[in-house]
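> Next input, structure requested:
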Amino acid sequence: MLMESKNRKTFFMFLLACLIGFFLVSVVEVLRSSFLVPTGTDVLPVSAVSPGDGGRAPGSFADLTERVKPAVVNISTTKVVRGGGFRSPFGGGTPFDRYFGDEFFERFFGDTPRREFKQQSLGSGFIIGADGYIFTNNHVIEQADKILVKLSDGREFEAKVIGKDAKTDIALIKIKAGDNLPVAEIGDSEKLRVGDWVIAIGNPFGLEQTVTAGIVSAKGRVIGAGPYDNFIQTDASINPGNSGGPLFNMEGKVIGINTAIVAQGQGIGFAIPIAMAKNILPDLKAKGKVTRGWLGVSVQDITEDMARSLQLKERRGAIISEVFKGDPAEVAGLRPGDIITAINGKKIKDTHELLLLISSFHVGDKVTVTVLRDGREMNFQVTVSERRDRPEYAQSGRSGYESYGMEVGEITPEIARYLGIARKTGVIVVRVQPGSPADEVGIQPQDVIMQVNKVKITSVKDFQREVGKKTASGSLMLLIKRGQATFFVALRK
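Sure thing, here's the model as predicted:
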């Protein structure tokens, strides 16, 4: 009996040992399959990854980083801020302060001098010339009294601002450090594709030469930073201090300048395409500022209602709302109501795309502007001139005629003089009924209506006649003047 019990115990111990052994072998096999690369799978070194392999994750960024890091610099700026003189120790807004104010303490303690504070900020940049030229962001060096550049080898040099452009947030600075500095190779941001791998190198929070990696999340982003927004969006980590630093592709070429982040989000950063910086570099070097192209027109996007009213097949292009007297567009023969569809054969999607394209031309360039006029395609040769800012006008208005929920009136000599316009310019909007068709499209009192369905009007009688005509689309196309700006709106009942 005792012998039988002993045999049973030995058998169970043997069985348990077998189960434990099987379990351990299974765990080892699972771990091996997780970490080992299957036979036949190639892991490319970073140097072997080409733009065509942008969708494949590189094995390591180490070789690439080691190669491009020397051209990346840290930038620290100092700005002297002058504070106020003596302040009440009770602070502003207290009853004591309201009754006595700062004058009481100044009389009692004497006139104290205004204090000066040194405000410091950090940024990044990259060397584009062996003789010391460096690209960075305008907001990194703007209003700085002193700019200090630290190279990757630890040497520090004071920099001078050569040129800057607030509208694109690009600046060019220069240091005197000989003629043999490491230079970042400039790439082609136009060939960049969504999903391509990129790395960002910079100085976030003062942490020098920080490298982060990610992909191109989107292209052509408009974030409201300026009139020429055309950002590359990336999920490569970008933080305060990265501004002005380079965004590299897998060839080690700069394809963007890291500029902005969405503070509330994670993995949402924006870089200026390097093509934009390359385009303005000659102006920054030669003149310290950027001279942009100008056609001499005011344009707007085509709405759904406009497309229906004009019987357009697709909503593409930009409609000319105003042609400025004496400017290139007027000289070439362009008119309000023309729809710009292409420049030099390149199709135009909207006003933003048109603005970016025109700004890339130089003064004196001759461009072919393709427009739709009354359903016919026409080409005009326009000589680009220099873009200049224009002043605003004042506005006013008086009585008239009711239609589409708005009341219009004649433009009297007094109104014309006050607005700075010719008396026979059109009719003036006096009142807009809330919730009416006119209100829904944004028409406001004191707007001047210059055209109805592309017919020029000079009186209330003209306005009544054109409004009373039936159109195939059942809507009205009005050309409105508001201040200096002119634009089209489509009205439907």
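
> can we go C-alpha only for contacts and neighbour counts from here?
Fine.

> how about the helices of the stretch 201-350 of the chain, start to end?
Secondary structure of the stretch 201-350 of the chain, counting by DSSP state H, counting those that start in this stretch: helices at 274-287, 304-309, 328-332.

> Export those helices as JSON lines, with columns for mean pLDDT.
Below are those laid out as JSON lines (pLDDT from 0 to 100):
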{"stretch": "helix 274-287", "mean pLDDT": "94"}
{"stretch": "helix 304-309", "mean pLDDT": "84"}
{"stretch": "helix 328-332", "mean pLDDT": "93"}
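
> For Ser360, find the nearest of the ones you listed.
Of all the helices of the stretch 201-350 of the chain, helix 274-287 sits nearest to Ser360, with 6.9 Å by CA to CA.

> how about that closest one: buried residues?
For helix 274-287, the buried set under the neighbour-count rule, 16 or more other CA atoms under 10 Å, comprises 274-277, 280-281, 283-285.

> cool, and stretch 135-150?
135-142, 144, 146-150.

> pretty sure Thr486 is touching Ile480, no?
Yes. Assessed by CA atoms under 8 Å, Thr486 is found in contact with Ile480 at 5.4 Å.

> and these two? which has more neighbours close in?
Ile480 (25 against 22; other CA atoms under 10 Å).

> Do I have it right that that one meets Val489?
Yes. Look at Ile480 against Val489 with CA under 8 Å: they come within range, at 7.4 Å.

> dump the residue contacts of Gly187.
253-255, 274 (CA atoms under 8 Å, 6 or more residues apart in numbering).

> Pull the most distant pair out of those residues.
Lys253 and Ile274 (10.0 Å).

> re the thing from before, in strands only, show me the buried residues of stretch 135-150.
Filtering those for membership in strands, criterion DSSP state E, returns 135-136, 146-150.

> if we can go back for a sec, I'd like the helices of the stretch 201-350 of the chain written out as TSV, with distance to Gly226 added.
Shown next, in TSV, are these (distance: least, CA to CA, whole Å):
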stretch	distance to Gly226
helix 274-287	13
helix 304-309	26
helix 328-332	25
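
> Indicate which one of those helices is closest to Arg193.
Across those, Arg193 has its closest neighbour in helix 274-287 (14.2 Å, CA to CA).

> Who are the packing partners of that closest one?
The contact analysis (3 or more CA pairs under 8 Å, 6 or more residues apart in numbering; DSSP states H and E) places helix 274-287 against strand 160-165, strand 170-174, strand 253-261.

> Of all residues in this structure, which one is nearest the centre?
Asp229 (2.2 Å; CA atoms, centre = their mean).

> wait, isn't it in contact with Thr259?
No. Judged on CA under 8 Å, Asp229 makes no contact with Thr259 at a distance of 11.4 Å.

> and Ala438, what element?
helix 437-440 (DSSP states H and E).

> outside of that helix, which residues touch it?
404-406, 432-433, 491-493.

> Report the buried members of these.
Neighbour-count burial (16+ other CA under 10 Å) is assigned, among these, to 404-406, 432-433, 491-492.

> nearest to Ser360, of those residues?
After measuring the buried ones among the contacts of helix 437-440 against Ser360 - CA to CA - the closest member comes out as Leu491, at 35.1 Å.

> Restricted to helices, list the buried ones among the contacts of helix 437-440.
The members of those all map outside helices under DSSP state H.

> In a helix, Val467, correct?
Yes. Per DSSP: H, G, I helix; E, B strand; the rest coil, Val467 lies within a helix segment.

> who's in contact with it?
By CA under 8 Å, 6+ apart, the residues touching Val467 are 452, 476.

> what's the pLDDT at it?
Val467 carries a pLDDT value of 84.

> before we move on, what about Pro413?
For Pro413, the model assigns a pLDDT of 71.

> How many residues are close by it?
Residues near Pro413, counting by other CA under 10 Å: 13.

> shaky segments in the stretch 1-150 of the chain?
Applying pLDDT under 70 to the stretch 1-150 of the chain flags residues 1-12, 14-16, 18-19, 21-57, 81-117.

> if we go to 80?
The stretch 1-150 of the chain contains residues with pLDDT under 80 at 1-58, 80-119.

> Same question for the stretch 351-493 of the chain.
Scanning the stretch 351-493 of the chain for pLDDT under 80 picks out 387-405, 412-420, 422-424, 431, 433-436, 468-475, 484, 492-493.

> That one: helices as residue ranges?
Taking DSSP H, counting those that start in this stretch to define them, one finds helices in the stretch 351-493 of the chain at 351-359, 413-419, 437-440, 460-468.

> okay, now the domains of the chain?
Split into domains by automatic domain parsing, the chain comes to 70-109+118-290, 293-386, 401-492.

> Let me have those domains in CSV, adding distance to Gly59 as columns.
Output for these, formatted as CSV (distance: least, CA to CA, whole Å):
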stretch, distance to Gly59
domain 70-109+118-290, 12
domain 293-386, 38
domain 401-492, 54
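
> For Pro58, find the nearest of those.
Counting by CA to CA, Pro58 lies closest to domain 70-109+118-290 out of the domains of the chain; the figure is 8.5 Å.

> what about that closest one, how long is it end to end?
Terminal residues of domain 70-109+118-290 lie 29 Å apart, using CA to CA, to the nearest Å.

> Residue numbering should commence at 53 henceforth.
Happy to do that; since the first residue is 53 now, the last one works out to domain 122-161+170-342.

> how far does that domain sit from the chain's center?
The chain centre lies 15 Å from the centre of domain 122-161+170-342; the measure is CA atoms, centre = their mean, to the nearest Å.

> Then stretch 384-399?
With CA atoms, centre = their mean, you get 24 Å for stretch 384-399.

> Could you work out the end-to-end span of it for me?
20 Å.

> Any buried residues in that stretch, and which?
By neighbour count on 16+ other CA under 10 Å, the buried set for stretch 384-399 is 386-395.

> Return the residues in contact with Val235.
Under the criterion of CA under 8 Å, 6+ apart, the neighbours of Val235 are 122-123, 178-182.

> The nearest residue to Asp287 once chain neighbours are set aside - how many residues pack around it?
Among residues not flanking Asp287 along the chain, Gly319 sits closest, at 4.1 Å (CA to CA, 6 or more residues apart in numbering). Residue crowding around Gly319 was assessed by other CA under 10 Å; the count is 16.

> How about the backbone phi and psi for Gly319?
Main-chain torsions, Gly319, degrees, to the nearest 10: phi 70, psi 30.

> Look up how far Val120 lies from Pro234.
According to CA to CA, Pro234 stands 9 Å off from Val120.

> rewinding a little: which two of the ones in strands among the buried residues of stretch 187-202 have the greatest separation?
Across those, the longest distance by CA to CA is 16.6 Å; it joins Phe187 and Lys198.
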